[in-house]
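> The following block contains a protein sequence and its predicted model.
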Amino acid sequence: MLLATLVLLLAPLPGAAESSLVVGNGNASARLNFRIVIPPLMRVLENSHPEQLATGENGALSALQRLVVVSNLKRGFCVNLRQTHPQLSGWRLQTAQEGNVSLSPVADGYRLCTARAGRYTLLLQHEFQALADADGLRWPVQTDLMAM
């Protein structure tokens, strides 16, 4: 029994490794620098449109495209819309102009650009001049997104 008591006295205590004797004023300081990096994101949540165009009441081909895009890019993004059917002519594109969205014609179609990050729901009304055999024409617009 005496031997067991001596062994316990000589063995280090579990908390002894964390304790220390400080000589002097005992001031300590540390500096931590954190950097949080958020990767750029541009995601198309929806790009819905009819598979085929149908002739409307006025004889023109018309269709609504719904494009939902979310982006954290500071300067926004652009959507290039190009016509892929060479026989169509007279393409007109209309959209509700929000404060941060601009629509402009370009050589091969239209460019729609946003000015800053956010979630955008774009309703694009397409209209084409009718052709004699245009009923049932496949969707004639290619949609490409690009970062600003």
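Structure received.
> how about the helices of the chain, start to end?
For the chain, helices defined by DSSP state H occupy the ranges 2-10.
> Need the pLDDT of the residue nearest the centre of it.
Note on the chain: the residue nearest the mean C-alpha position is residue 42, at 2.3 Å, using Cα atoms, centre = their mean. Looking at residue 42, its pLDDT stands at 91.
> Can you tell me the closest non-neighbouring residue to residue 89?
With sequence-adjacent residues excluded and distances taken as Cβ to Cβ, 6 or more residues apart in numbering, residue 89 is closest to residue 129, at 5.2 Å. Where C-beta positions appear, they are placed from N, C-alpha and C, glycine not excepted.
> Just confirm that neighbour contacts residue 88, I think it does.
Yes: with contact defined as Cβ atoms under 8 Å, residue 129 counts as touching residue 88 (7.2 Å).
> The two: which is more packed in?
Comparing residue 129 with residue 88 by other Cβ atoms under 10 Å, the one with more neighbours is residue 88, at 19 against 13.
> Now do the contacts for the closest residue to the more buried one other than its chain neighbours.
Excluding the flanking residues, the one nearest residue 88 by Cβ to Cβ, 6+ apart is residue 128, at 4.7 Å. Residue 128 makes contact with 53, 60-62, 88-92, 134, 140, according to Cβ atoms under 8 Å, 6 or more residues apart in numbering.
> neighbour-wise, which of those residues leads?
In those, the most neighbours by other Cβ under 10 Å go to residue 53, 26 neighbours.
> picking that back up, gap between the residue nearest to residue 88 and residue 55?
10 Å (Cβ to Cβ, to the nearest Å).
> What's opposite the nearest residue to residue 121 once chain neighbours are set aside in the beta bridge?
Spatially, and ignoring its direct neighbours in sequence, residue 121 is nearest to residue 68 (5.0 Å; Cβ to Cβ, 6+ apart). Beta bridges link residue 68 to residue 46, residue 121, judged by DSSP bridges.
> Quick check: residue 68 vs residue 87, distance?
Between residue 68 and residue 87 the computed distance is 30 Å (Cβ to Cβ).
> ok so, going back, can you pick out the most distant pair from the contacts of residue 128?
Between any two of the contacts of residue 128, the greatest separation by Cβ to Cβ is 15.4 Å, found for 92 and 134.
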